[in-house]
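[1] Need a 3D model of the following:
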Amino acid sequence: MKKFLYSLSIIISVLLISCSKTETQSPSSKWENATLFWSEDFNGTVVDTSEWIFQTGDHGWGNDELQDYQPFGSDNAIVKDGALHIVARKVGEGQNVGDYTSTRIRSRRSFKYGRMEVRAKMPDYKGPGLWPAIWMLGENIREVGWPDCGEIDIMEYVSWRPDSTLATIHSRANNHRDKTQISSGFVALPTIEEEFHDFGILWDEESLEFYVDDPDNILLSIPRPEDPDQDNWPFSNPHFFILNVAVGGGLGGVEGVDDSIFPASMIIDHVKVWKLEDQ
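    Residues are numbered from 1 along each chain as shown. Take a look at the predicted model:
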């Protein structure tokens, strides 16, 4: 019942947010005095491994994904012209695990509270099968596991649903395995494949708010529950960034994989974190 009531309160909050925000209460007003705390601009020629860890393997990653994530030095992670290109490639004959390669990197640093923003462009639309994501996991995942660590999906894109984006959180109380995740649903973004957009969150002790391009353009607002605990609000703990392009899987493979779409690239221009003085 507690899980149901919290989910219901979130639905009501999302429905009312456009009515409750006023100019003096705009989401960005609180963050006007935030200062840049950390940034990654991908200005070199390779991924900086002092800041990022390559996560490798072809074990499905909990979602029946088909890609084999490659280590540092592969042609699946290319840094050029001030941007990171995460490239998914077709390498095998079939459509099985390991017949595709890609890259998944996680930040060595973890962050608690702040304005987090990633500027990115999704792969050109050519067909279904891709699942790029910009997200965060709690740094205590090895101790408590998923979903107890918390997951913040700043941006998910699936190429069977072009021209749109998705923002979601997962926790013990609210996660996709139980079909209780809290999500914006698919939100129209017609130029997501043609242009760079800023995908971000405004994260403090009281709430998580997801935006696109402008901190006042809120897609999803999630208040901290009245009785927060590890089950319903693991978002009082530090989280690290993950940037990846998956192939197929439970969300990306809904309409199968079109092998003519490869190679396909998500391009990351920058990752930035701003903090307020008291954070």
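
[2] What is the longest strand of this structure by residue count?
    Secondary structure assigned by DSSP state E gives strand 264-275 as the longest strand of the chain.

[3] helices or strands up against it?
    strand 35-40, strand 83-90, strand 114-121, strand 130-138, strand 239-247 (3 or more CB pairs under 8 Å, 6 or more residues apart in numbering; DSSP states H and E). Just so you know, the C-beta spots here come from the backbone N, C-alpha and C atoms, and that holds for glycine as well.

[4] Partner strands of that strand and their direction?
    Paired with strand 264-275 in the same sheet, following DSSP bridges, are strand 35-40 (antiparallel), strand 83-90 (antiparallel), strand 114-121 (antiparallel).

[5] can you list these in a markdown table and add distance to N96 and mean neighbour count?
    Compiled in a markdown table, the strands paired with strand 264-275 are given as follows (distance: least, CB to CB, whole Å; neighbours: other CB atoms under 10 Å):
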| stretch | distance to N96 | mean neighbour count |
| --- | --- | --- |
| strand 35-40 | 34 | 14 |
| strand 83-90 | 12 | 22 |
| strand 114-121 | 29 | 22 |
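
[6] All the strands of the stretch 151-279 of the chain, in order from the start?
    Per DSSP state E, counting those that start in this stretch, the stretch 151-279 of the chain carries strands over the ranges 151-156, 164-170, 182-183, 187-188, 197-203, 207-212, 218-223, 239-247, 264-275.

[7] Quick one: work out the angle between the second one and strand 151-156.
    Relative orientation of strand 164-170 and strand 151-156, computed by axes from the mean of the first three to the mean of the last three CA atoms, to 10 degrees: 180 degrees.

[8] sorry, back to before: using JSON lines, lay out the strands paired with strand 264-275 together with distance to E194.
    Listed next are the strands paired with strand 264-275 as JSON lines, based on distance: least, CB to CB, whole Å:
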{"stretch": "strand 35-40", "distance to E194": "24"}
{"stretch": "strand 83-90", "distance to E194": "15"}
{"stretch": "strand 114-121", "distance to E194": "8"}
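
[9] can the ones you listed go into a markdown table with extra columns for distance to I201 and mean pLDDT?
    Converted to a markdown table, the strands paired with strand 264-275 look like this (distance: least, CB to CB, whole Å; pLDDT from 0 to 100):
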| stretch | distance to I201 | mean pLDDT |
| --- | --- | --- |
| strand 35-40 | 14 | 98 |
| strand 83-90 | 20 | 98 |
| strand 114-121 | 5 | 98 |
